[in-house]
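S.K.: Kindly generate the corresponding structure for this input.
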Amino acid sequence: MSDLFVRLFGRIAQLEAQIGHLNRRVNSTLREARVLEVFDDGTAVVEGHGGKSKKIPWLQRAGSIRDWDPPAEGERVLMLSPNGDEGRALILPGGYSKQYGQPHNKLGESKRQIGDASDLFTGTQRVIESQLIILRGTVKIEGGGVTHNGVNIGDTHRHTDVFPGGGTSGTPT
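M.R.: So this is what the prediction gives:
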């Protein structure tokens with residue numbers, strides 16, 4: 001009879017160890033974390049629930065349409081580990097924080113901000129604010145007009161003080 005109890009207690013200990021292992025894997029499936037370090041190969045190291053990860057990729061589109069949108073050190077993220085396997089983990093955006101607040105507050109609009117530059121989409125316009133905007137390739141402008149500093153420079157603009165010959169005309173009106 002004692003052999004039966006030894007085997008039974010051994011089996012109970014084995015099952016308890018398996019349950020502990022499964023609990024750790026379930027708890028590792030989704031963790032709130034902070035980015036510790038970001039690398040130019042599309043990976044980062046995060047820390048969550050007292051543990052530091054290895055280098056893991058952040059979630060991006062990576063097919064025929066590809067994005068590059070790295071997280072910042074200190075950014076709040078979620079670490080998703082399928083089946084609790086951190087070796088297969090991905091970093092998901094984790095939402096705003098005191099350190100990195102929201103750049104906009106109007107529903108139905110989209111705004112992306114990087115440093116002092118921003119790109120705002122509303123239902124009727126797109127507003128790009130930046131110290132310098134570079135357009136490469138052919139630029140085609142279609143619409144009702146083009147202005148620069150409030151002055152019409154489109155196809156209907158006129159110049160003042162126009163004289164024939166090699167003179168300089170006045171500013172557009």
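S.K.: And Gly51, how far from Thr160?
M.R.: Computed as CB to CB, to the nearest Å, the Gly51 to Thr160 distance reads 71 Å. Every residue, glycine included, has its C-beta placed from N, CA and C.
S.K.: Mind checking which of those two has more residues around it?
M.R.: In this view Gly51 and Thr160 are compared by other CB atoms under 10 Å, and Gly51 has more residues nearby, 12 against 9.
S.K.: For that one, give its distance to Leu22.
M.R.: Gly51 sits 18 Å away from Leu22 when distances are taken as CB to CB.
S.K.: pLDDT wise, what is the closest residue to Phe121 other than its chain neighbours at?
M.R.: Sequence neighbours aside, Ser110 is the residue nearest to Phe121 in space, at 4.4 Å (criterion: CB to CB, 6 or more residues apart in numbering). Model confidence at Ser110, given as pLDDT, is 96.
S.K.: Check the spacing between the most centrally placed residue in the chain and Ala44 real quick.
M.R.: Geometric centre of the chain, nearest residue: Asp69, 4.5 Å, by CA atoms, centre = their mean. In this structure, Asp69 and Ala44 are 12 Å apart, going by CB to CB.
S.K.: any common contacting residues for those two?
M.R.: Taking CB atoms under 8 Å, 6 or more residues apart in numbering as the contact definition, Asp69 and Ala44 share the neighbouring residues Trp58.
S.K.: Show me the helices in the chain, by range?
M.R.: Taking DSSP state H, the helices of the chain run over residues 2-27.
S.K.: longest strand anywhere in it?
M.R.: Once the chain is assigned using DSSP state E, the strand that runs over the most residues is strand 30-38.
S.K.: which helices and strands sit right next to that strand?
M.R.: For strand 30-38, the contact count by 3 or more CB pairs under 8 Å, 6 or more residues apart in numbering; DSSP states H and E identifies strand 43-48, strand 76-80 as packing neighbours.
S.K.: Great, nothing more from me.
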